[in-house]
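S.K.: I would like to see how this sequence folds:
(chains A and B)
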Amino acid sequence: MTAFTEDELARIRADFPVLSRTVRDGRPLVYLDSGATAQKPWCVLEAEQEYYSTRNAAVHRGAHQLAEEATEAFEGARATVARFIGAGPDEVVFTKNGTEAINLVAYAMSNAGAPGAIDGADPAVAERLQLGPGDEIVVTEMEHHANLVPWQELARRTGATLRWIGVTDDGRLEDPATVVGERTKVLAFTQVSNVLGTLNDVAPLVAAARAVGALTLVDACQSVPHLPVDVTALGVDFLAFTGHKVIGPSGIGVLWGRPELLAAMPPFITGGSMIELVHMERSTYAPPPQRFEAGVPMAAQAVGLQSAIDYLTELGMDRVHQHDTQLSAYCLEQLAERPWVRVIGPTDPAHRVGAVSFTVEGIHPHDVGQVLDDRGIAVRTGHHCAWPLHRRLGLPATTRASFSVYTTRADIDAFVTALDTVPGVFGLSA
Amino acid sequence: MDLYGELILDHSKHPQHVGLREPFGAEVHHINPTCGDEVTLRVQVTDGVVTDVSYDAQGCSISIASTSVLAEETIGHPVDEALETFLAMRGMLTSKGEDAGDPEKIGDGVAFAGVSRYPARVKCALLGWTAFTDALARSGEDISVVSSTAASRT
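M.R.: Prediction:
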């Protein structure tokens, strides 16, 4: 059984205009780089255009009808996003992207240590947000730089120590219990590795953090596009993802946080929109989510993201996940037939989502990617913003094929057919 | 594919003058942060002549081969000539396919003409060359002729 029928897949593909173009002298585009950014369906493009052509105004400002409609559109998008991840609308903050969502939490935590920054907050909550020398921040060795560097910087600013959960040779996380302890104040981890495709088991990570009262943040940038995600079921304190990987627009990301935490957190970026009262000497701030949304927000992108989520919801995230698992399994199967290809990450497709990274014996990943590109196959090469992970695996770089709802078995066939020509180009035998 | 001509494949499989040697006037370490390619490169200049370029590189065939050609085309040449070669190489690589390269000036460097059609790979081909000019500057040579023409740092 397949998740989507051939007809459905053909209809889905017809919804994504870019898929019909050709590249490199008339070759059909085979887009296997959705892990970097996904393509957009017509409905997302149309939603943005409809917003700009009929309702454009500055959200949360002005007393005119357009401003009302723009505000309604923006807040409607927030409600859709919240429902999609099983959250309340006031718990969802729009950011520029996933990176900014993670930085928002890291900066709120260091700002929480400044004098007077969280006066009036529940002391028990305030204490969880503040860190200093002796406290520990824990991440994992498989993080994207976006969920590593902000924590390195938080450690530097506060004097806290950064520690990490290691990665096994087959691309799984080591036991969190060896790293998470009494000193841990925050545990940040990815739900799905953008390189290995590893689908991490969130429960033991959350349990380890909870046992010591540490906050948890899950980077869901590579999970939200591929599988149903529910913040309550995950049990985390914060969740971050980006719009452009969920077939939505670029320029919008999402931070979800527990309401009592968001309520206690000081702002990250300050300015208009996020205030309550402003005097020349000092200001007080609006409640969440507005406190974290300074400046005129990205309403068109929010509306586009809403349309993307409606599209995925219509397909059904369970089926999207099933489709992805089938593609991963098929891709792994095809690559396993080629002894000169070494796949990294779990071999069981049940432990994977979204991407398959590999190396070709004797050929640098850039050169692999270049030959594939010449045949119209778009893949990612390099360290995929996960340099420490590559170092851990003893690899300078890898080549990655990643999937989305519009990816087909035919895409994978075209990819492996092109891959078979790679060794020959470099005078090696396949 | 035509990008990977025989010269590039030869140089990438058998890089010329590879290895780190002494004596050297300066050593630099350059990386391409978007892909993780790295080169450690040393230069030795004696009486205005590049007497040695030695290197340890990790990267794709384009960056390895280009560094190999760099060593071949600069060792034994006066610094000003080596800088002229750099300018000709960079001019070709950044020409988006307009400049096929002059074999009189860049020797085997002409094999990289195809790279200029792939903007993402230009940095790979320039990695060793920019390291070279940086190393010259650090060993006290005047490289204003290249730094004033266009930004070359990666």
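S.K.: For chain A, what's the nearest residue on chain B?
M.R.: residue B:60 (3.7 Å; Cβ to the nearest Cβ). All C-beta spots, glycine's among them, are computed from the backbone N, C-alpha and C.
S.K.: what's the neighbour count on that residue?
M.R.: For residue B:60, the count of nearby residues is 29 (other Cβ atoms under 10 Å in any protein chain shown).
S.K.: so it touches residue A:368, yeah?
M.R.: No - checked against Cβ atoms under 8 Å, the pair residue B:60 and residue A:368 is beyond contact range at 9.1 Å.
S.K.: who in chain B is up against chain A?
M.R.: Contact residues (Cβ under 8 Å from any Cβ of the partner chain) of chain B with chain A: B:1, B:3-4, B:9, B:13, B:34-38, B:58-62, B:118, B:121, B:124.
S.K.: Identify those among those residues that sit within strands.
M.R.: The strands, defined by DSSP state E, take in B:37, B:38, B:58 from these.
S.K.: which one of these has the most neighbours?
M.R.: residue B:37 (26 neighbours).
S.K.: ok, what's across the strand from that residue?
M.R.: Taking DSSP bridges as the rule, residue B:37 bridges to residue B:32.
S.K.: Might you report the residue contacts of it?
M.R.: Applying Cβ atoms under 8 Å, 6 or more residues apart in numbering or on different chains, one finds that residue B:37 lies in contact with A:366, A:396, B:31, B:57, B:58, B:59, B:60, B:63, B:124, B:127.
S.K.: what about the first one, helix or strand, and which?
M.R.: Assigning secondary structure by DSSP states H and E places residue A:366 in helix A:365-374.
S.K.: near chain B at all, the helix or strand following that helix?
M.R.: Next helix or strand after helix A:365-374 toward the C-terminus (DSSP H and E): strand A:377-378. No - contact between strand A:377-378 and chain B is absent, the nearest approach being 11.7 Å (criterion: Cβ under 8 Å from any Cβ).
S.K.: in its sheet, what does strand A:377-378 sit against?
M.R.: Take DSSP bridges as the rule and strand A:377-378 pairs in its sheet with strand A:30-31 (parallel).
S.K.: Assign the residue most central in space within chain B to helix, strand or coil.
M.R.: The centroid of chain B falls nearest to residue B:129 when counting by Cα atoms, centre = their mean (2.7 Å). On the three-state scheme (DSSP: H, G, I helix; E, B strand; the rest coil), residue B:129 is labelled helix.
S.K.: what sits against it?
M.R.: Residue B:129 touches B:66, B:67, B:70, B:86, B:89, B:90, counting by Cβ under 8 Å, 6+ apart.
S.K.: Which pair in these has the greatest spatial separation?
M.R.: B:67 and B:90 (14.2 Å; Cβ to Cβ).
S.K.: So which of those two has more stuff around it?
M.R.: Using other Cβ under 10 Å, the more surrounded residue of residue B:67 and residue B:90 is residue B:67, with 29 against 21.
S.K.: Distance check, that one against residue A:7.
M.R.: According to Cβ to Cβ, to the nearest Å, residue B:67 stands 52 Å off from residue A:7.
S.K.: so what secondary structure elements neighbour the helix or strand of chain B with the lowest mean pLDDT?
M.R.: Ranked by mean pLDDT, DSSP states H and E, the weakest helix or strand in chain B is helix B:144-147, scoring a mean of 87. With contacts taken as 3 or more Cβ pairs under 8 Å, 6 or more residues apart in numbering or on different chains; DSSP states H and E, helix B:144-147 sits against helix B:79-93, helix B:119-138.
S.K.: Centre of the chain to the longest one, how far?
M.R.: It refers to helix B:119-138. The chain centroid and the centroid of helix B:119-138 are separated by 6 Å under Cα atoms, centre = their mean, to the nearest Å.
S.K.: Just the CA coordinates for that helix, please, in PDB.
M.R.: Output of helix B:119-138 as PDB, limited to C-alpha atoms (Å, rounded to 0.1, in the frame of the first residue of the first chain):
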ATOM      1  CA  PRO B 119      28.900  30.200  -9.400                       C
ATOM      2  CA  ALA B 120      28.700  27.900  -6.400                       C
ATOM      3  CA  ARG B 121      32.000  26.200  -7.400                       C
ATOM      4  CA  VAL B 122      34.100  29.400  -8.100                       C
ATOM      5  CA  LYS B 123      35.000  29.600  -4.400                       C
ATOM      6  CA  CYS B 124      36.300  26.000  -4.600                       C
ATOM      7  CA  ALA B 125      38.600  26.900  -7.500                       C
ATOM      8  CA  LEU B 126      39.800  30.100  -5.800                       C
ATOM      9  CA  LEU B 127      40.400  28.600  -2.300                       C
ATOM     10  CA  GLY B 128      44.100  27.800  -2.800                       C
ATOM     11  CA  TRP B 129      44.700  30.900  -4.800                       C
ATOM     12  CA  THR B 130      43.300  33.300  -2.200                       C
ATOM     13  CA  ALA B 131      45.300  31.400   0.400                       C
ATOM     14  CA  PHE B 132      48.400  32.000  -1.700                       C
ATOM     15  CA  THR B 133      47.900  35.800  -2.000                       C
ATOM     16  CA  ASP B 134      47.200  35.900   1.700                       C
ATOM     17  CA  ALA B 135      50.400  34.000   2.500                       C
ATOM     18  CA  LEU B 136      52.400  36.300   0.200                       C
ATOM     19  CA  ALA B 137      51.000  39.300   2.100                       C
ATOM     20  CA  ARG B 138      51.900  37.700   5.400                       C
END
